[in-house]
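Chemist: next input, structure requested:
(2 chains)
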2 protein chains.
Amino acid sequence: MRATIIHGAGDIRVETVPDPEILEPTDALVRVVTACICGSDLWPYRSMAPSEEGNRIGHEFIGIIEDIGADVAGFEAGDLVVAPFVWSDGTCDFCEEGLQTSCRHGGMWARNGIDGGQGEAVRVPQAQGTLVKLPVGADSALMPSLLSLSDVFPTGYHCARTAGVSPRTTVTVIGDGAVGLSAVLSAKRLGAERIILMGHHKDRTDLGRELGATDVVAERGEEGIERARELTGGDGTHTVLECVGLVEAIETAFAVVRDGGTVSRVGAPQYGDVPMPFPVFLRNVTLTGGVAPARAYIPELLPDVLEGRTEPGKVFDLTVGLDDIADGYRAMADRTALKVLVRP
Amino acid sequence: MRATIIHGAGDIRVETVPDPEILEPTDALVRVVTACICGSDLWPYRSMAPSEEGNRIGHEFIGIIEDIGADVAGFEAGDLVVAPFVWSDGTCDFCEEGLQTSCRHGGMWARNGIDGGQGEAVRVPQAQGTLVKLPVGADSALMPSLLSLSDVFPTGYHCARTAGVSPRTTVTVIGDGAVGLSAVLSAKRLGAERIILMGHHKDRTDLGRELGATDVVAERGEEGIERARELTGGDGTHTVLECVGLVEAIETAFAVVRDGGTVSRVGAPQYGDVPMPFPVFLRNVTLTGGVAPARAYIPELLPDVLEGRTEPGKVFDLTVGLDDIADGYRAMADRTALKVLVRP
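Modeler: All right, here's what the predicted structure looks like:
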């Protein structure tokens, strides 16, 4: 089959790789219908050292089951399924607690011999715990929103949930990328009435307003912090959803959170030390978040998507074929596309 | 009156200072009956640059009201009162939310012209919001436990509460100082059944066992981490109460917390950057805590102390007179005393 391989920064190729097959009785074989490119795929796209062998890439996909292992119950060939961006057994204590990202028998796509999502097919380990059946056809107009359930929407939702967003909390969302906009949508869903979106790409913040942002702060750095605080009488907001992952973003988060409030971060942090100077400690600010257990949230979010009450798929603004996926990476890296859908 | 002045590292003096008097109608004048030395007083005791003028010091005291301003209701001369380690108005939004440490009209003792607690008397600003009346005589045998309500017990309790300790959570307490032992007591009070105390002073960890610790890890560094993880089947505990404030302690905390768990820190951090490498993000670890709003917890903790259900005063193991307070500092710094009570 054909699959995407990253050979280094800026070097995305579509190559022929071995066809996947069932190896374990807990596997399923899924033919990819639609996949996408994640903001986190851009980190290696920007920084990976050249590699002759390269790595598989991609961790978000919807597909049709072609075959299942003997131990996989509840699915059959022909089912349309969405895969969360971490695979998990669904039965261990962490999975039962809703922390499938720490599953005792789980793992990431495109690593250690596991297929990536940006290809024609995927061997899905722990298929019964991992996959979620979608009660629509592969030609459904809902596909972009359904695909967003694999990562970007639950990631934004995890950010809002772990921050404790509720009708009683004010919210700042840092970042107008697809995760930030998903966080806006999530905060709205959780009842927040005041959602300040910090971002400086007007087309994106316009979409943010459509998804629920009540205020937009387009200024950057100190000016942006000052503006965000002004909007809350100088106090900052109860919750801050940090959806970027750069150290400047987390610094901004601590500067615009209200005393006693919570900063949640879901943008894969590109820093190891979190700058929390003594005043942040004095102000009783909590730092939470982490990699989103998307699988835990899909059953909760799916009905809203199916019934059209929420449209997280609006973050997709470009579709490419698999053979043109390098163009999709380029468009996202250049910010001419917000999030790119891929059709093998 | 006589009060303690710190003139630099290791330089504690008792000097004559102006007698305090009512300056604002919201003030009270309190004659100190008993005060104490805090672990946080040891930071300047170890590091302060020499100063001819010096600074007042001390922020924990019980005293008898001598006079009150015109706007202070609910108190009268002769009342025995405990002061939390931050003064606060009790009426602003932060106070009403239980975050008196962020009070809009509050502040710290021994700063900006405010008396310290380690002296004969104190002008208490915002007395009505700050002070809590104690329904016992100044000769009560409960005095050490009542005095602990000013800081050390609520600080340990804040750590356990913000970490989310409950009967369903396992707990690791890092640090066998007075705050760590108060955190053990607090975790026990909140119903935790498994409390692992990490500390290497046997007399202190023995007291920790008496206060509720079920396991003690005396090993340090990597060995201590390994031992603590072993005790929990390799997983770590749901909550970790970091009661030291050094970077090694917070590193240990992240190493012994279970995936999805919470680290709370109340030991004044002696570092500005929190080491949270990428795996900590992947493991969905929350970092919470901060300076404890002791005033919020006193009404909840006081009945248990009055009725003898809890004895947080056990952390006091040395009493000195005010004139000998320098000996008390030395004993705490040398770790020959756990926590020192001071009688003016």
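
Chemist: so A:Arg220 sits against A:His201, correct?
Modeler: No - contact criterion CB atoms under 8 Å: A:Arg220 and A:His201 do not qualify, at 11.4 Å. For glycine as for every other residue, the C-beta is placed from the backbone atoms N, C-alpha and C.

Chemist: once you drop chain neighbours, what's closest to the residue of the stretch 51-200 of chain A found nearest chain B?
Modeler: Distances between the stretch 51-200 of chain A and chain B by CB to the nearest CB are smallest at A:Ser102, namely 3.8 Å. Counting by CB to CB, 6 or more residues apart in numbering or on different chains, the nearest residue to A:Ser102 once its immediate chain neighbours are dropped is B:Asp259, at 3.8 Å.

Chemist: shouldn't that neighbour be within a helix?
Modeler: No - applying DSSP: H, G, I helix; E, B strand; the rest coil, one finds B:Asp259 to be strand, outside a helix.

Chemist: that one: how many residues sit nearby?
Modeler: Using other CB atoms under 10 Å in any protein chain shown, B:Asp259 has 21 neighbouring residues.

Chemist: that one and A:Cys95 touch, don't they?
Modeler: No - if you go by CB under 8 Å, B:Asp259 and A:Cys95 don't touch, sitting 11.5 Å apart.

Chemist: around chain B, pick out the residues from the stretch 101-250 of chain A.
Modeler: For the stretch 101-250 of chain A, the contact set with chain B under CB under 8 Å from any CB of the partner chain comprises A:Thr101, A:Ser102, A:Thr162.

Chemist: can you read off the pLDDT for the first one?
Modeler: At A:Thr101, the model reports a pLDDT of 98.

Chemist: could you do the last one as well?
Modeler: Note on A:Thr162: pLDDT of 98.

Chemist: ranking by neighbours, what's the top pick from the residues of the stretch 101-250 of chain A next to chain B?
Modeler: Highest count within those by other CB under 10 Å belongs to A:Thr101, 27 neighbours.

Chemist: got a list of what that residue touches?
Modeler: A:Val86, A:Ser88, A:Gly290, A:Val291, A:Ala292, A:Pro293, B:Leu282, B:Asn284 (CB atoms under 8 Å, 6 or more residues apart in numbering or on different chains).

Chemist: so of those residues, which ones are in strands?
Modeler: A:Val86 (DSSP state E).

Chemist: most widely separated two among the contacts of A:Thr101?
Modeler: The distance between the two most remote of the contacts of A:Thr101 (CB to CB) is 14.9 Å, for A:Ser88 and A:Gly290.

Chemist: so A:Ile37 touches A:Asp327, yeah?
Modeler: No - applying CB under 8 Å, one finds A:Ile37 not in contact with A:Asp327, separated by 10.5 Å.

Chemist: these two: who's more crowded?
Modeler: More crowded of A:Ile37 and A:Asp327, by other CB under 10 Å: A:Ile37, with 30 against 15.

Chemist: and the nearest residue to that one once chain neighbours are set aside, how many neighbours?
Modeler: Spatially, and ignoring its direct neighbours in sequence, A:Ile37 is nearest to A:Val340 (4.5 Å; CB to CB, 6+ apart). A:Val340 has 24 neighbours, counted by other CB under 10 Å.

Chemist: look up how far chain B lies from A:Val340.
Modeler: Note on A:Val340: its distance to chain B, by CB to the nearest CB, to the nearest Å, is 25 Å.

Chemist: how about the helices in the stretch 201-344 of chain A?
Modeler: Ranges of helices within the stretch 201-344 of chain A are A:202-211, A:221-230, A:247-256, A:278-282, A:294-306, A:325-333, based on DSSP state H, counting those that start in this stretch.

Chemist: what's the helix or strand for A:Val32?
Modeler: In this assignment (DSSP states H and E), A:Val32 forms part of strand A:28-36.

Chemist: what angle do that strand and helix A:325-333 make?
Modeler: 50 degrees (axes from the mean of the first three to the mean of the last three CA atoms, to 10 degrees).

Chemist: elements contacting the next helix or strand after strand A:28-36?
Modeler: Of the helices and strands lying after strand A:28-36 in sequence (DSSP H and E), the nearest is helix A:42-47. In terms of contacts (3 or more CB pairs under 8 Å, 6 or more residues apart in numbering or on different chains; DSSP states H and E), helix A:42-47 is packed against helix A:325-333.
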